[in-house]
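*Asks:* Next input, structure requested:
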Amino acid sequence: MKSAKTPNSPALLRPCDPEALHGDMQQIQLAIARRAFELFETRNCEHGHDVEDWLQAESELLRPVSIAVSETADRFSIQADVLGFSKKELKVGIEPMRVAILGRKSVSAAAGPAGTTSPDTSPAHVLRLIDLASEINPAAALVELQSGVLRFELNKVARPEAMAAAAGQA
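*Replies:* Modelled structure (predicted):
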């Protein structure tokens, strides 16, 4: 008999084509740029605050994503906090030297006091790029979401010199 999937069981995510993901990332980056320009205009176009405006726009539009990366000789393990996002609201891209996380929250209302609802005012997007120090094999990546944590298991590509050194020790 097949067991029912429990709410806390991991949900596997299939990585997207990185090129297709770049288009979605550009839309978010354009929204950030538009908001940063609005902030510039509200200061009567006073120059010298471009970084401040950009960071303010990011904080308004993007949810922060804390990550933890651990590395061994043959793999990377990454955990990203994406609490509040479902599997359907997340996209991941895996390239040989980088991982991308993109999330777009569906508009929802949060339960308020006495059964009333109020709109969720936290930012509706996640955009996080994680550069890797070693090349990995994207085809062998395992990506799963469980209890608001997105977990990646990424196998490193074996370097020819490392393989030769291992063979020489045998």
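*Asks:* CA atoms for contacts and neighbours, from now on please.
*Replies:* Noted.
*Asks:* burial of residue 55, as a residue count?
*Replies:* By the criterion of other C-alpha atoms under 10 Å, residue 55 has 13 neighbours.
*Asks:* SS state for it?
*Replies:* Per DSSP: H, G, I helix; E, B strand; the rest coil, the secondary structure class of residue 55 is helix.
*Asks:* tell me which element the residue positioned nearest the centre of the chain is part of?
*Replies:* In the chain, the centroid-proximal residue (C-alpha atoms, centre = their mean) is residue 101; its distance is 2.2 Å. In this assignment (DSSP states H and E), residue 101 forms part of strand 98-104.
*Asks:* what about the longest helix in this structure?
*Replies:* In the chain, with assignment by DSSP state H, the single longest helix is helix 18-42.
*Asks:* and residue 105, what does it touch?
*Replies:* Residues counted as contacts of residue 105 (C-alpha atoms under 8 Å, 6 or more residues apart in numbering) are 85, 89, 124, 125.
*Asks:* Filter those residues down to the buried ones and express that as a PyMOL selection.
*Replies:* Buried members of the contacts of residue 105, defined by 16 or more other C-alpha atoms under 10 Å, are picked up in PyMOL with:
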select buried, resi 85+124+125
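*Asks:* Any chance you could list what contacts the strand holding residue 101?
*Replies:* Contacts for strand 98-104 (C-alpha under 8 Å, 6+ apart): 25, 85, 89-94, 124-132.
*Asks:* before we move on, the earlier item: what pLDDT is listed against the residue nearest to the centre of the chain?
*Replies:* On pLDDT, residue 101 comes in at 97.
*Asks:* So for it, what's the nearest residue that isn't a sequence neighbour?
*Replies:* Once flanking residues are discounted, residue 101 sits nearest to residue 92: 4.7 Å by C-alpha to C-alpha, 6 or more residues apart in numbering.
*Asks:* Spell out the secondary structure type for that neighbour.
*Replies:* Three-state call for residue 92 (three-state DSSP): strand.
*Asks:* tell me the pLDDT at it?
*Replies:* pLDDT, read off for residue 92, is 97.
*Asks:* Surely it and residue 19 touch.
*Replies:* No: Residue 92 is not in contact with residue 19 according to C-alpha atoms under 8 Å; the separation is 11.5 Å.
*Asks:* quick one: which of these two has more around it?
*Replies:* residue 92 (22 against 10).
*Asks:* how near is the more buried one to residue 39?
*Replies:* Counting by C-alpha to C-alpha, to the nearest Å, the gap between residue 92 and residue 39 amounts to 30 Å.
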